[in-house]
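Student: Here's a sequence, model it:
(2 chains)
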Amino acid sequence: NAGVTQTPKFRILKIGQSMTLQCTQDMNHNYMYWYRQDPGMGLKLIYYSVGAGITDKGEVPNGYNVSRSTTEDFPLRLELAAPSQTSVYFCASSYTPPGLAVQETQYFGPGTRLLVL
Amino acid sequence: QKEVEQNSGPLSVPEGAIASLNCTYSDRGSQSFFWYRQYSGKSPELIMSIYSNGDKEDGRFTAQLNKASQYVSLLIRDSQPSDSATYLCAVNDNTDKLIFGTGTRLQVFP
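Tutor: Numbers count the residues shown, from 1 in each chain, chains lettered A, B, ... in the order given. From the prediction side, this is the model:
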């Protein structure tokens, strides 16, 4: 199993450009999450999905969009990139909601470092 | 706004000592609590979960939960330089999501 994979690893965007961050998991997990982590800060939830075709906003959704057409993939779209979106983006997945089953946890991808100039 | 608070540190301890990391949370309905370790430039990885009041031990790690005080802690015994990392506390309040604290940076010096 590759687990959770994310592409690209690093990207520089100009202000106003758009891009899609890719996230794929091969563990047949229903739940998928997108977080951003600013330097010295914790993880802020952007969007999440509880299954194919179902998405919902997290704490900081503005400036982002998601879709979930398959169980495996959960891409994050940035429209009109702004310097405030400079961050490290983590995708995570889990089979159940966190805490429902003992030891069930979220598995994180390696992250995408995004710089908007 | 549900919150999870941690001291950002750094917490510096000598090798072999006990490191004590603390976390408080605002939502009394929270049921599940997690400690993640994050090395610099890497993604978080789960090291402990705890659901009931009291202590839970796993090797050198002990998680402690006090729901009445809305407090969860992580003790690392016999701290090693390889334990130097940021430790993130996360809380689930019976929704589909986790709320993360800002993390405590731990430095273990030889």
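
Student: Okay, strands next: where are they in the chain?
Tutor: Since you didn't name a chain, this refers to chain A. Applying DSSP state E to chain A gives strands spanning A:4-7, A:10-13, A:19-25, A:31-37, A:43-51, A:54-57, A:64-66, A:76-78, A:87-94, A:107-108, A:112-116.

Student: The chain in question should be chain B.
Tutor: Listed in chain order, the strands of chain B (DSSP E) span B:4-5, B:11-14, B:19-25, B:32-38, B:45-50, B:54-58, B:61-66, B:71-76, B:85-92, B:99-100, B:104-109.

Student: Which of those strands sits closest to A:Ala81?
Tutor: Closest approach to A:Ala81 among the strands of chain B (Cβ to Cβ): strand B:99-100, 24.2 Å. Every C-beta, even on glycine, is put in place using the N, C-alpha and C of the backbone.

Student: Which elements pack onto that closest one?
Tutor: In terms of contacts (3 or more Cβ pairs under 8 Å, 6 or more residues apart in numbering or on different chains; DSSP states H and E), strand B:99-100 is packed against strand B:85-92.

Student: The strand it packs on pairs with which strands, and in what direction?
Tutor: Strand pairing for strand B:85-92, determined by DSSP bridges: strand B:32-38 (antiparallel), strand B:99-100 (antiparallel), strand B:104-109 (antiparallel).

Student: Redo the ones you listed as CSV? Include distance to A:Leu43, mean pLDDT and mean neighbour count.
Tutor: What follows is the strands paired with strand B:85-92, written out as CSV (distance: least, Cβ to Cβ, whole Å; pLDDT from 0 to 100; neighbours: other Cβ atoms under 10 Å in any protein chain shown):
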stretch, distance to A:Leu43, mean pLDDT, mean neighbour count
strand B:32-38, 9, 94, 23
strand B:99-100, 4, 92, 23
strand B:104-109, 14, 96, 18
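
Student: any chance of these in a markdown table, with distance to A:Leu45 too?
Tutor: Listed next are those as a markdown table, based on distance: least, Cβ to Cβ, whole Å:
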| stretch | distance to A:Leu45 |
| --- | --- |
| strand B:32-38 | 14 |
| strand B:99-100 | 8 |
| strand B:104-109 | 20 |
